[in-house]
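1. Below are the sequence and a predicted model; questions follow.
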Amino acid sequence: MGNDKLGVAKQAKSDEFYTQYADIEKEMNAYLEFNPSVFKNKVILLPCDDPEWSNFTKYFAQNFEKLEIKKLISTSFATDSKLIQLISQPTLFELDSPQFDATKTKSNGKIFTLFRDKTGDKRIDVGDLEWDYLEGNGDFRSKEISKLRDEADIIVTNPPFSLFREFLAWIVEAKKDFVIIGNMNAMTYKEVFPLIADNKLWLGQSIHSGDREFQVPESYPLESAGWRIDDVGNRFIRVKGVRWFTNIEHGRRHQPLPLMTMDDNIKYSKHEEIQNVGYRKYDDFDALDVPFTDAIPSDYSEIMGVPISFLDKYSPEQFEIIGNLGSYAPDGYSLASKIYLEGKKVYKRIAIKHRNP
Ligand SMILES: C[S@@+](CC[C@H](N)C(=O)[O-])C[C@H]1O[C@@H](n2cnc3c(N)ncnc32)[C@H](O)[C@@H]1O
């Protein structure tokens, strides 16, 4: 494959995979536990979601009444614009609808709305979704979808990973509430880190380690390590390092990380390194290196460098995020682009300080 083709294939692989219902439900439950009316009277937009595939649409449509949602809007990207072709033919639901239009079926995106009991069964649920073609291809960056964004209160989806930065910027510029799923590497992007440090974005509650299974289309190249095909032929891949990104409150972020004093860590830490060498300061930057989040001392009042995974445990009442160490990003938060411990280069760290040591 030429470089171009390889690039497209890579992008397609990172864009076309579908979140499982249970993962969505678990995360939404965290917001609901904290605030049972979080979705009440809200317009919810799912901008990368065709109900044919998207469990986001299914989840919010199925729970429409329970969550007291005002309106659900789900838009999908035109099949011709997708890098992996999902279906070669229009779906049955589309063919059976009076609005089916052979000239638009591949080139136009679709819009699905839910706000009333269309079927007259005295309930509002998946069966009441109404649909039409969009004027354009459903690109979230288009005027058409941006207008829907402006009308919405909350945006929820698994956006194309290759456009994660752009997608987040698109939400943030409109000052919307959001819950989106992405790769944990995004935490250190120059577009993302300042939002985390300013407490305008944080990680969700339900995913903090390991990998998650996503469904992929039939044409998806199954060459990565963990994949399976279920009894009815659905294909799944396992993706590592996935996280929820949000600006909606949940309980976990207000729970402080349990800590020990520096002396106690040196005596009792489960990390041999801490027991053997204790804590060290960087060679040419004035901060203490703390190589494990669960070894952060409770009684150190100056700057500490902690691993990126600290953000899974971060509580803004307990710590202040000062900046990043060990890499340069032009976001105003880089304190030292390289850090060394006794001559050895240290991988990226986040610089933090106790609020109340
Ligand atoms: C990672 S998938 C997730 C789909 C769905 N949200 C889910 O989790 O089941 C991202 C989806 O966004 C679509 N997409 C890609 N580029 C897009 C764009 N510029 N605007 C809107 N959707 C796009 C892809 O075709 C893909 O279906």
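-> Received, thanks. Model, not experiment: these values are computed from the prediction.
2. from here on, contacts and neighbour counts on C-alpha atoms
-> Will do.
3. Would you pull up how far stretch 20-38 lies from the middle of the chain?
-> The chain centre lies 14 Å from the centre of stretch 20-38; the measure is Cα atoms, centre = their mean, to the nearest Å.
4. May I see the buried residues of it?
-> Neighbour counts over stretch 20-38 (16 or more other Cα atoms under 10 Å) mark Q20, D23, I24, E27, M28, A30, Y31, L32, V38 as buried.
5. I figured the first one hits R235, correct?
-> Pointing back at Q20 there. No - between Q20 and R235 there is no contact under Cα atoms under 8 Å: 11.9 Å.
6. Now for these two: what residues contact both?
-> Q215 (Cα atoms under 8 Å, 6 or more residues apart in numbering).
7. Return the set of buried residues in stretch 248-260.
-> Across stretch 248-260, burial judged by 16+ other Cα under 10 Å covers I248, E249, H250, R252, R253, L257, M260.
8. cool, and stretch 58-74?
-> Across stretch 58-74, burial judged by 16+ other Cα under 10 Å covers K58, Y59, F60, A61, F64, L67, I69, K70, K71, L72, I73, S74.
9. which bits of the protein sit near the ligand?
-> With Cα under 6 Å from any ligand atom as the criterion, the chain meets the ligand at residues 15-19, 48-49, 53-55, 77, 82, 138-140, 157-160.
10. Can you flag the buried ones in those residues?
-> 15-19, 48-49, 53-55, 77, 138-140, 157-160.
11. Just the ones of these in strands?
-> Members of these lying in strands (criterion: DSSP state E): Y18, T19, T157.
12. Closest one of the residues you listed to E191?
-> Ranked by distance to E191 (Cα to Cα), these are led by T157 at 18.6 Å.
13. I'd like the buried residues of stretch 20-38 written out as CSV, with secondary structure and pLDDT added.
-> Output for the buried residues of stretch 20-38, formatted as CSV (DSSP: H, G, I helix; E, B strand; the rest coil; pLDDT from 0 to 100):
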residue, secondary structure, pLDDT
Q20, coil, 96
D23, helix, 97
I24, helix, 98
E27, helix, 98
M28, helix, 98
A30, helix, 97
Y31, helix, 98
L32, helix, 98
V38, coil, 98
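14. In the stretch 51-200 of the chain, which residue sits closest to the ligand?
-> As assessed by Cα to the nearest ligand atom, the ligand sits closest to D139 within the stretch 51-200 of the chain, at 3.4 Å.
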